[in-house]
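Trainee: Fold the following and give me the result.
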Amino acid sequence: MWDFITKEARHVFRAHTLYGEILLSFLNSITLNNDSLDKMAHWVPSHVCTEVRPASDEELPSSYVEEYRCALDAETIKYVGEAYPKGVSSVYCTSGKDVEEPGSDFELVVVILATRHSPQNFCNGSWRSIWNIVFKDDVQTVEVRGKMQVGAHYFEEGNVQLDAKHECKDYSIFQSPDDCAVSLTNIIRHHETEYLASLQASYINLPDTTFKDLRRKLPVTRTLFPWHNMLQFSLTRDISKELRIGK
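Mentor: You can find the predicted model right below:
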């Protein structure tokens, strides 16, 4: 069941540990038992047995890859702490974890998750982004592919849901672990900030445009309600009211 949830539905879950919050997802599944690697403490929690065990050396990246992963993880944590209240992130090695020295390619994946649940205000929201980062040694470049997803649910006097997705692609230079981490985090920051700004611009007039286009036809005239003439209707109603009072 866990395999279906994480690999087919692509869900990401937060888990509280003694070392802070970690993310459990299809990206850090490392064994046939669907255990997930805790990248902070190098422990492996089992979703089936609800137990933990030390990670073996074979399950961990090489020291060469780990330098890049740790540096990127540290920069990502700082960025998420600034950008997303109560957000959490993780960085995994999904390919080439056995690379011991320059000369071969490897891939890291950054996962960022932020949620806000406010049922007392009739709204919930979530942000999730996944960044596949491929370090290409032969051409000395780093390819960045990002997928961002925003979900929102507003249910006061109705039920309105938003599910927006966006993909992007960028490149950087293959540098030292620390320099790569700073450069890649800046790329992530740039694209996420740009996407959030475009969402705000798209939905700022949502009540006056999109929602009104979804209206049903009036039952008698079978025409759409003329929102642009609302002032005329209001004026007519007020005049009629005054005339009745005069009588």
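
Trainee: got the buried residues for stretch 113-120?
Mentor: 113-114 (16 or more other C-beta atoms under 10 Å). C-beta coordinates here come from the backbone N, C-alpha and C atoms, glycine included.

Trainee: swap that for stretch 74-88, sorry
Mentor: So, applying 16+ other C-beta under 10 Å, buried residues of stretch 74-88: 75-77, 79-80, 83-84, 87-88.

Trainee: which residues sit against that stretch?
Mentor: 14, 21-23, 89, 91, 110, 112-116, 127, 181-182, 184-185, 188-189, 192-193 (C-beta atoms under 8 Å, 6 or more residues apart in numbering).

Trainee: So which elements touch the longest helix that the chain contains?
Mentor: What stands out as the longest helix in the chain, according to DSSP state H, is helix 177-203. Under the contact definition 3 or more C-beta pairs under 8 Å, 6 or more residues apart in numbering; DSSP states H and E, helix 177-203 sits against helix 63-83, strand 106-118, strand 123-136, strand 141-154, strand 160-173.

Trainee: Please save the CA atoms from the shortest one in PDB.
Mentor: Presented in PDB, the C-alpha positions along strand 106-118 are these (Å, rounded to 0.1, in the frame of the first residue of the first chain):
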ATOM      1  CA  PHE A 106      25.200  11.800 -10.500                       C
ATOM      2  CA  GLU A 107      21.800  13.300  -9.700                       C
ATOM      3  CA  LEU A 108      20.400  15.000  -6.600                       C
ATOM      4  CA  VAL A 109      16.800  15.800  -5.900                       C
ATOM      5  CA  VAL A 110      15.500  18.600  -3.800                       C
ATOM      6  CA  VAL A 111      12.100  18.400  -2.300                       C
ATOM      7  CA  ILE A 112      10.400  21.400  -0.600                       C
ATOM      8  CA  LEU A 113       7.100  21.100   1.200                       C
ATOM      9  CA  ALA A 114       5.100  23.800   3.000                       C
ATOM     10  CA  THR A 115       1.500  23.500   4.200                       C
ATOM     11  CA  ARG A 116      -0.900  25.700   6.000                       C
ATOM     12  CA  HIS A 117      -4.100  24.400   7.500                       C
ATOM     13  CA  SER A 118      -6.600  27.000   8.900                       C
END
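
Trainee: Partner strands of it and their direction?
Mentor: With DSSP bridges as the test, strand 106-118 is paired with strand 88-95 (antiparallel), strand 123-136 (antiparallel).
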